Every structure is written in C-alpha cells, then in structure tokens.
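Student: okay, predicted coordinates and the sequence, questions at the end:
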Amino acid sequence: MNSEISTSGNQSLKNFYALNLTDLESIFKAHGKEKFRAQQLFKWVYEKRVTDPELMTNLSKDFRKELQRYIEFSLPAVVSHLKSVDGTQKFLFDIGDNKTVEAVLIPSEDRMTLCLSSEVGCNMACKFCFTGKQKLQRRLKAEEIVGQFVRAQDILGAEQRITNIVFMGMGEPLDNSDEVFKAIEIIHSPWGMNFSRRRVTVSTSGIVPEMWKVAHNKVRLAVSLNGYDDESRSHVMPINKKYPLKELMDACHEYVNQTKDRVTFEYVLLKGITDQLEHVRKLYQLTKNIPCKINIIPFNEHPGSGFERPSDSQILKVQNELMNLGAHVLLRRTMGRDIFAACGQLRSEYENHPQQMDVSNSRLTRTLHLKKQVDSKSI
C-alpha cells in the first residue's frame, strides 16, 4: 500500500512519483548503483504496486535499506471520496501545506475518464468557473499530479482501469506546463503507467505561447472557447484580452498542422449570453475552417456565479442549429452535479464549505470532521 503525504520535511528525499527513468538512473549513479536498478524499481512500483523496499526481493538487503535514505513513496492523502448517483466519483486530496485539490472519475459505457487538477485555484478568473473564485494558491508538482492518478486507480482496483485522462480539473494546465507534461511523460512511459498519449487531453483557456507544447507532447488539445467573438469571450474569460481570438485560432491551426488531429472546442451555454441562435451561428463561422468538434456544455450552477443554465429546450435548439450548419457537435452529459463534481464546479471546498452546501436541489453534506481531520495533521 502507498504511504500518505510525507511529514518528515527531509529535503534530501526525492519523491519517486516525480521521477522519470533518466532521473532515477542519475540518482542511482550518484549513489554508486547500476542503472538497471532504476527499471527494477519502476517495475515494482508501477507494475506490481509495491512501495515498501523491504518487499522488493530482487534487491539486496543492504540496497533496500539504503534506498529509503534518498527515495520516498508518499502520495496525496484522500481526505474525501464522494460517489454520485450517476456513478461519478470525486476525490479531495490533501497535498500538504494546508492545500487540497479535487479530481473526478467519470464513467461511461466504454470508458472511465479521470479529470485531473494541475493547480490549487486558478489565475485565469473565468467568470463562470468555481475554481477561478479561489484564485491561484499553488501550482502542483509532477508527483502530485501523478499521485492523483495512482490514488484513483488504486481505489478503482484491478478490475476497472482508467481509460482516459483529461486535464480539466482545478487550474490552467498551461500555466503549469512543465510539471503537467512531466507528469504525462511518467504516466505514459512504458516504465511508468504505460498510458497512451492518444487518451490524454489537455484543456486550456488559451495561453497561446504555451500551446505548442500540446502538439510537441503528442496529446489531444481542448480549448475552452465560451465566446463567439472577442467581445463575448472577453466578457467571461479575461485571458482573451491578452490573447485574442485571432491568435488563439492561429495556434489551433498550428496544432492541427503539427498533429493532423482535430481540436475540441468547449463552449459553455450561459442563459442569454452564449445560448442564442445568433451566437452559435457566429461560433460556427469562427471554427468552421479548423478540423474540430464542438462540445456544448450547459452551465452548472454554483454559489455566487451570477449565471443561469439555459432551459433544456434551448440547449437542444443550440445543438440542432450547430448540427444543421454542419458542425461536429456533442452535447456533454452533465455528470456528478449532486456531489458538486460537474464541469466548472471544482474547488477545494472543505476550506469554504465544511458543513453543507445546497447543490441543484440536492443536499451535499460535509461534516466538520473532514476539516478537523486535515487541520489536525502535522504537515
């Protein structure tokens, strides 16, 4: 079993989940060990799920003891694990220094998608997003991102496998691109979780100078668009004032040219703001020359948002209008609303709502025990 977050404060210890093969080989070389020991250790941890060096029987007894002096195997602790009536699961992870992040498992007929967080809070301040109200507190390290994956897979068990990863949780992935792509490398690599890059999607609000890294790392690109022109997008997404739509669309074209893959545009339907037929006609004109699919996402309400979800009939009108125009459009099914795990609803909520929160006519109960559990930790 994997250990919880480390409380030792020993800066000489390297967290195993932050290391790629080259990193670990270099550490072993510095300690006078053979390079092949790195592959042995990766096999024990990622394939056999063993993190206690004393159980690694093909390592010498002396090496097992020495290993514990410079490698540790701590993972984020699971503070809360909620299950929705629709099968969605939400995790609240304690990453130390009084910080928490959320991740969500989303089931469907043929896949199990894990939505990962990349930051505690977010700098982008998108007006419709609950995470943005928390503001950026800290960027996650690679081991904290990998740790979300490992924890979620361990809880699922061997009979159910995570099939897809989306970086659509808390934070802007391209605001923390080095750690995000290092985590993807570790999860993807055959010495790591051996997870296909084609099943990894990085979603961005549009940090244009960083978007080339998505193509370079051969993962899928999703763009949170949520506007049909510069004025409408800037109204709900301040990032558009820095990187307006022409620059964003040019970056999307470049991604397609580099990868021969299509872009996913995410478009949140806000009542009276982005859900009118003239709005989606402009959206189609904006995106029609880029190989893409458009995910329309009915707004998921949260406290203090100031926005409303359109009626079901209006949502269907938007979908039909885009289809009639010739767009490849998908209506994203809302999952996990009863546990506050739907798109745009993630936040380290125990800090602000430790007791209870009324969500979409369902009562989400949080006990003070959760907060006491975290506050009492020596971190």
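Tutor: In hand now; what should we look at?

Student: distance of the residue sitting nearest the centre point of the chain from residue 58?
Tutor: Nearest to the mean C-alpha position of the chain, counting by Cα atoms, centre = their mean, stands residue 116 at 2.2 Å. The span separating residue 116 from residue 58 equals 32 Å under the rule Cβ to Cβ, to the nearest Å. In short, each C-beta sits where N, CA and C put it, glycine included.

Student: ok, residue 288 next?
Tutor: Plainly put, residue 288 is 58 Å away from residue 58 if you go by Cβ to Cβ.

Student: who has more neighbours, those two?
Tutor: For the pair residue 288 and residue 58, the greater number of neighbours falls to residue 288 (11 against 8), based on other Cβ atoms under 10 Å.

Student: what sits against that one?
Tutor: Residue 288 is in contact with 325-327, counting by Cβ atoms under 8 Å, 6 or more residues apart in numbering.

Student: backbone dihedrals for it, please?
Tutor: Backbone torsions of residue 288, given as degrees, to the nearest 10, read phi -70, psi -20.

Student: numbering from 474 from now on, please.
Tutor: All right, first residue 474 from here; so that's residue 761.

Student: which positions within the helix or strand hosting residue 624 qualify as buried?
Tutor: Here residue 624, judged by DSSP states H and E, is contained in helix 615-629. Using 16 or more other Cβ atoms under 10 Å as the test for burial, helix 615-629 gives 615-626, 629.

Student: so which of the residues you listed would you say is closest to residue 491?
Tutor: The closest of those to residue 491 turns out to be residue 616 (Cβ to Cβ; 3.8 Å).

Student: surely that closest one is in contact with residue 486?
Tutor: No: Residue 616 lies out of contact with residue 486 (Cβ atoms under 8 Å); the separation is 11.5 Å.

Student: overlap in contacts, those two.
Tutor: By Cβ under 8 Å, 6+ apart, no residue touches both residue 616 and residue 486.

Student: let me see the contact set for the residue nearest to the centre of the chain.
Tutor: The contact partners of residue 589, taken as Cβ under 8 Å, 6+ apart, are 576, 618, 621-622, 638-642.

Student: so how far is residue 781 from it?
Tutor: 29 Å.

Student: try residue 744
Tutor: 4 Å.

Student: joint contacts of these two?
Tutor: With Cβ under 8 Å, 6+ apart, residue 744 and residue 781 have common neighbours residue 772.

Student: may I see the buried residues of stretch 711-719?
Tutor: By neighbour count on 16+ other Cβ under 10 Å, the buried set for stretch 711-719 is 711-713, 716-718.
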